[in-house]
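In: Pasting the sequence and the predicted coordinates here, then a few questions.
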Amino acid sequence: MDLRLNATLFDYSFVAVYIFFVIAIGIITRRKVLTSEDYFLSGRSLPAWICALAFLSANIGATELIGMAANGSNYGLGTVHYYWIGAVPAMVFLGLIMMPFYYGSKVRSVPEYLRLRFNRPTHAYQSIIFATATILVAGVNLFALALLINVLIGLPLWASILASAGIVLLYTTMGGLTATMYNEVLQFLIIVAFLTPLTVGGLARVGGVSGLIETLNQTQVLGETGLTVWGGTGLGETTNPYGNWIALLLGMGFVNSFGYWTTNFTEVQRALSAKDMSAARRTPILAAIPKMFLPLIIITPGLIAAVLVPELASGQLSHNEALPALIGSVLPTGLVGLALAALIAAFMAGMAANVSSFNTVVTYDLWQTYLKPGKSDTYYLKVGRKLTIWGVVVAIGAAFIAASFNNIQDYLQLLQSIFSAPLFATFILGMFWKRMSPWAGLWGLVAGALGAGGVQVGYMLEILEFNSQQAASFTGSGMAFIFDVVVSVIVTFMGTAKPEDELDGLVWGKVKMPIRGAMPAPDLHKVAVKAERERIAAGQKLPWWENPWPLGIGVLVVMVVLNLTVGQ
């Protein structure tokens, strides 16, 4: 099947206009970058809604658009687990529980928290691991876009990679995180504007929702569990491609999900850029609201492609090509240009998010802490810009690693099980167990990575059997968590705990004294009480939508309803 789009000059004008605005945002925001904090954290000055949309957009890269459509066309409706189990609960948890630690202690990155809570070896290890994983994921985004552009308009892979990387490099180097985040808001709006007519047009071609369901039931192209969310997840009779309900809840829903959303600095960085504690806490919760409903326009196209593109089931096309195949089948001239602009936007959102977090961690956590400490702020600002260039260059090389995977979500989940799952275990223990020793942080992380890696090796050597590569990754995440916790407990009882006066602002219940960090941590309860008294004295009542707890609880209630009613 020829996936080449019949794009006209009018279609390409959409792309040209989009690129103009992207670069313009970089030029305008460059004027606001005066310090390293302006460059890496937007001066901690942005409102909650900007941070929330950027938080969401940073995750909706080309990898999600292609990968989730691929999963929808391959595995079916169960792919919604990535949203309702694998994202929303963790996003709410981040806002309600973990952001007070991050924002309150004024750390500039997630690895910096590890330095304050544990020790420098733990900090150095995780900084290197994060920088490596982030660039690998940036490479996935780069490959995904290059593949799409090559398939859709025939531009060679190398030309797509260089052109797209060059645009990201330009605006990220100029405007730093502020340019990145404002562009992420623009990119999110363009992506929604593209996916909505694609979904509506696709449904019209298959006879609406009822026609889609009827055709999928008749053809069984997605198997018996293709139109169920929890079907086939029973113990001993598992036919669901994502594994049994234990693997889903613990592997995807707990370890993988919480490991990604609560400790991945690419996401947390957006919340740290908020103007105050309330905005920082509301950032991931507000982002969770549209996140719950994104499957309507991201996974549904994959289900439609399973019907309209029979070459996917026959193997003539890989599932990574489900989305571009559907674009060619459904969208008319004009909307094809919008599709191209949206796919480029999705790539830029994902890669720019990875690059901005990469340069922050390498500058603050490695360069300033270990390699060149004590330099001026202007020096680190220049280093950050240079590292942005090197990050993009390395990502170009990493793009070719992703080419070896038929389904890029398989590759992403593999990376997440090895790199993110152990980190979450260390954070949970470190935040809620003050007895945990400094060296337990390091050896727990190492043990967790080895546990997840062992599951992957066993699957590749056919020693262990799973229904899919992603099911193996979810199991690996669970093993990473267990290995991390067990080793951390053993090392803790063999060593000495950190003095309690060094834990204020870093562990649960210890927030009343300054910490030895970048800035003093406030007494969070005292700050909240003072703010509330000031509002009462002024006759102002805090609206419920500005209170993280009602927002978070409401989001969780809707999520439970969706899980109980959809695909049953």
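Out: In hand now; what should we look at?
In: where does this structure have its least confident helix or strand?
Out: helix 524-537 (a mean of 59; mean pLDDT, DSSP states H and E).
In: what's the following helix or strand after that one?
Out: Once helix 524-537 ends, the next helix or strand along the chain (criterion: DSSP states H and E) is helix 548-565.
In: Please name every helix or strand in contact with that following helix.
Out: When contacts are defined as 3 or more C-beta pairs under 8 Å, 6 or more residues apart in numbering; DSSP states H and E, helix 548-565 packs onto helix 81-84, helix 88-93, helix 277-293. C-beta coordinates here come from the backbone N, C-alpha and C atoms, glycine included.
In: mind giving me JSON lines with the ones you listed and columns for mean pLDDT, distance to Phe347 and mean neighbour count?
Out: Shown next, in JSON lines, are the helices and strands packed on helix 548-565 (pLDDT from 0 to 100; distance: least, C-beta to C-beta, whole Å; neighbours: other C-beta atoms under 10 Å):
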{"stretch": "helix 81-84", "mean pLDDT": "94", "distance to Phe347": "19", "mean neighbour count": "23"}
{"stretch": "helix 88-93", "mean pLDDT": "96", "distance to Phe347": "23", "mean neighbour count": "24"}
{"stretch": "helix 277-293", "mean pLDDT": "94", "distance to Phe347": "20", "mean neighbour count": "24"}
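In: any chance you could map the helices in the stretch 1-150 of the chain?
Out: Assigned by DSSP state H, counting those that start in this stretch, the stretch 1-150 of the chain shows helices spanning 9-30, 36-41, 48-57, 62-74, 81-84, 88-93, 99-104, 110-117, 120-153.
In: Looking at those helices, which one is packed in the most?
Out: helix 62-74 (a mean of 28; mean count of other C-beta atoms under 10 Å).
In: residues of stretch 365-385 that come out buried?
Out: Of all the residues in stretch 365-385, those buried under the rule 16 or more other C-beta atoms under 10 Å are Asp365, Leu366, Trp367, Gln368, Thr369, Tyr380, Leu381, Val383, Gly384, Arg385.
In: Select, from these, the two members most distant in space.
Out: With C-beta to C-beta as the measure, no two of the buried residues of stretch 365-385 lie farther apart than Thr369 and Arg385, at 18.8 Å.
In: Gln316: helix or strand, and which one exactly?
Out: Applying DSSP H and E, one finds Gln316 in no helix or strand.
In: Where does the prediction get shaky in this protein?
Out: For the chain, the stretches flagged by pLDDT under 70 are 1, 62, 403-409, 509-542.
In: hmm, 50 instead?
Out: Scanning the chain with the threshold set as pLDDT under 50 gives 513-525.
In: Please name the nearest non-neighbouring residue to the most centrally placed residue in it.
Out: Residue closest to the average C-alpha location in the chain (C-alpha atoms, centre = their mean): Asn59, at 3.9 Å. Spatial nearest neighbour of Asn59, chain neighbours left out: Glu267 (6.7 Å); criterion: C-beta to C-beta, 6 or more residues apart in numbering.
In: Give me the distance between the one you found and Thr178.
Out: Distance of Glu267 to Thr178, computed by C-beta to C-beta, to the nearest Å: 17 Å.
In: Then Phe20?
Out: The value you get for Phe20 to Thr178, if C-beta to C-beta is used, is 19 Å.
In: what do you get for Ala349?
Out: In terms of C-beta to C-beta, Ala349 sits 15 Å off from Thr178.
In: Neighbour count: the two, which is higher?
Out: Applying other C-beta atoms under 10 Å to Ala349 and Thr178 shows that Ala349 carries more neighbours, namely 30 against 26.
In: any idea which helix or strand carries the more buried one?
Out: Element membership of Ala349 [criterion: DSSP H and E] is helix 335-360.
In: How far away from the center of its chain is that helix?
Out: With C-alpha atoms, centre = their mean, to the nearest Å as the basis, helix 335-360 stands 13 Å off its chain's centre.
In: now swap in stretch 54-69 and tell me
Out: Worked out by C-alpha atoms, centre = their mean, stretch 54-69 lies 8 Å from the chain centre.
In: start to end distance for that stretch?
Out: Stretch 54-69 has an end-to-end distance of 22 Å (criterion: C-alpha to C-alpha, to the nearest Å).
In: Which helix runs longest in this structure?
Out: Scanning the chain for the helix with the most residues, using DSSP state H, yields helix 157-205.
In: Tell me the helix or strand right after that one.
Out: helix 208-219.
In: Show me what that following helix is packed up against.
Out: helix 157-205, helix 300-308.
In: need those in a markdown table with distance to Leu461, can you?
Out: Putting these into a markdown table (distance: least, C-beta to C-beta, whole Å) gives the following:
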| stretch | distance to Leu461 |
| --- | --- |
| helix 157-205 | 31 |
| helix 300-308 | 31 |
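In: Which other helices and strands does the helix holding Ala349 contact?
Out: helix 9-30, helix 36-41, helix 62-74, helix 120-153, helix 157-205, helix 265-272, helix 377-402.
In: To Ile298, which of these lies closest?
Out: helix 62-74 (4.9 Å).
In: Just want the angle from that closest one to helix 120-153.
Out: Interaxial angle of helix 62-74 relative to helix 120-153 (axes from the mean of the first three to the mean of the last three C-alpha atoms, to 10 degrees): 70 degrees.
In: Need the residues that contact helix 62-74.
Out: With contact meaning C-beta atoms under 8 Å, 6 or more residues apart in numbering, helix 62-74 is reached by 79, 82, 137, 140-141, 144-145, 147-148, 191, 195, 222, 241, 295, 298-303, 305-306, 309, 312, 318-320, 322-323, 326, 343, 346-347, 350, 407-409, 412.
In: hmm, try it at 6 Å
Out: Helix 62-74 is contacted by residues 79, 140-141, 144-145, 298-299, 301-303, 305-306, 312, 319-320, 322-323, 346-347, 407-409 when judged by C-beta atoms under 6 Å, 6 or more residues apart in numbering.
In: circling back: specify the stretch among the helices and strands packed on helix 335-360 that is closest to Val110.
Out: helix 265-272 (4.1 Å).
In: what does that closest one rub up against?
Out: So helix 265-272 is contacted by 41, 51, 54-55, 58, 99, 109-110, 280, 283, 353-354, 357 (C-beta under 6 Å, 6+ apart).
In: so who does Cys142 touch?
Out: No, residue 142 isn't Cys; it's Leu. Contact analysis of Leu142 by C-beta under 6 Å, 6+ apart lists Ile161, Met351, Ala395, Ala399.
In: which of those has the most neighbours?
Out: Met351 (32 neighbours).
In: what residues are up against it?
Out: Contacts of Met351 (C-beta under 6 Å, 6+ apart): Ala138, Asn141, Leu142, Val168.
In: quick one: the second one from Thr388, how far?
Out: Put plainly, it is Asn141. 15 Å.
In: Shouldn't Ser488 be within a helix?
Out: Yes - applying DSSP: H, G, I helix; E, B strand; the rest coil, one finds Ser488 inside a helix.
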